[in-house]
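[1] All I have is the shape, not the residue letters:
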């Protein structure tokens with residue numbers, strides 16, 4: 001890698017050309033990824049990709065005029081201090097707000113690059129073009145707002161926001177909620193059966209950890225293998241499986257950790273408090289994201305938890 005202040009004007013122009021090409025392709029990737037769920041926003045990024053292509057063409061013309069046909073390969077990752085862009089294809093999920101914020105960040109970085117490049121140039125023509133591009137990139141926030149107003153009306157934005165919320169619920173909330181419910185409720189029976197049967201908090205802790213981790217692995221694979229997301233729009237299966245498995249393990253570990261306490265009564269009291277907190281969190285998630293009334297959610301979750309808790313006590317106490 002080389003420092004930016006070590007680059008020649010030829011290399012700076014080559015870097016600008018490759019950067020514009022990369023940014024244009026990223027905007028085109030954004031448009032392609034958003035096209036299915038957010039067609040209006042996809043149009044905005046298509047137009048931004050076209051504008052980056054225009055910048056690249058102008059830079060190419062100047063480079064050929066000044067330095068000839070051969071363009072040296074200088075990329076962002078070759079220059080120390082430049083922020084690298086994560087390829088869009090490596091992102092399995094892209095929210096609308098995330099894309100818009102990333103685009104704004106890209107434009108700010110590009111404007112800063114052109115300002116620095118113009119400041120280092122001694123050729124009047126190159127300096128003028130780089131300075132002009134700095135102003136253009138700095139004004140892209142206004143351009144993006146104009147394109148948004150043109151293509152994304154208030155009603156369209158509401159529709160896209162609803163779509164994003166639905167995708168978030170399908171791809172994140174539902175697998176996480178399923179995991180939390182399974183981990184928090186299903187592991188109650190073995191953990192409390194163990195502690196009442198043995199009277200030993202350490203044994204209960206080991207059984208609870210085994211049950212939690214085992215349930216997390218099982219639920220993770222079950223969620224991942226149940227639906228590949230191609231028809232339901234629920235997203236990448238292994239991401240859903242990872243979320244579900246992690247939430248399942250977390251739900252079980254929560255009321256297992258108190259049994260690290262040696263005192264039986266203290267450990268049991270803390271564990272019961274944790275169970276109540278876990279069920280309250282599940283109830284809140286159901287109310288917040290699943291359009292369930294607070295009373296109905298509390299009744300469903302509390303009744304299920306009480307049944308499993310009673311099962312553990314009856315089996316362990318017997």
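    It's in. Remember, predicted model here, so these are calculated numbers, not experimental data.

[2] Past the strand or helix carrying residue 117, which element shows up next along the chain?
    Element membership of residue 117, judged by DSSP states H and E, is helix 96-120. Toward the C-terminal end, the helix or strand that comes next after helix 96-120 (DSSP H and E) is helix 124-138.

[3] Pull out the buried residues from the helix holding residue 117.
    96, 99-100, 102-103, 106-107, 109-111, 113-115, 117-118 (16 or more other Cβ atoms under 10 Å). C-beta coordinates here come from the backbone N, C-alpha and C atoms, glycine included.

[4] Next up, the contacts around the residue lying closest to residue 275 once chain neighbours are set aside.
    Of all residues not flanking residue 275 in the chain, residue 255 sits nearest, at 4.9 Å (Cβ to Cβ, 6 or more residues apart in numbering). Applying Cβ atoms under 8 Å, 6 or more residues apart in numbering, we find residue 255 in contact with 184, 187, 188, 191, 208, 271, 274, 275, 278.

[5] Looking at these, which two lie furthest apart in space?
    With distances taken as Cβ to Cβ, the most widely separated pair in the contacts of residue 255 is 208 and 278, at 13.0 Å.

[6] Which one of those two is surrounded by more residues?
    residue 208 (26 against 23; other Cβ atoms under 10 Å).

[7] and that one, what helix or strand is that in?
    Using DSSP H and E, residue 208 maps to helix 201-226.

[8] moving C-terminal of that helix, what's the next helix or strand?
    Following helix 201-226 toward the C-terminus (DSSP H and E): helix 237-254.

[9] If I take that following helix and helix 201-226, what angle do their directions form?
    Here helix 237-254 runs at an angle of 160 degrees relative to helix 201-226 (axes from the mean of the first three to the mean of the last three Cα atoms, to 10 degrees).

[10] could you measure residue 98 against residue 38, distance?
    12 Å (Cβ to Cβ, to the nearest Å).

[11] same deal with residue 212?
    Here the criterion is Cβ to Cβ. By it, residue 212 lies 38 Å from residue 38.

[12] could you point out the longest helix in this structure?
    Scanning the chain for the longest helix, with DSSP state H as the assignment, gives helix 39-67.

[13] Just give me the least confident of the buried residues of helix 96-120.
    Across the set of those, residue 96 stands lowest in pLDDT, at 69.

[14] so what's residue 79 up against?
    1, 2, 3, 4, 7, 15.

[15] Counting neighbours, which of those comes out on top?
    Among these, residue 15 has the most neighbours (other Cβ under 10 Å), with 23 neighbours.
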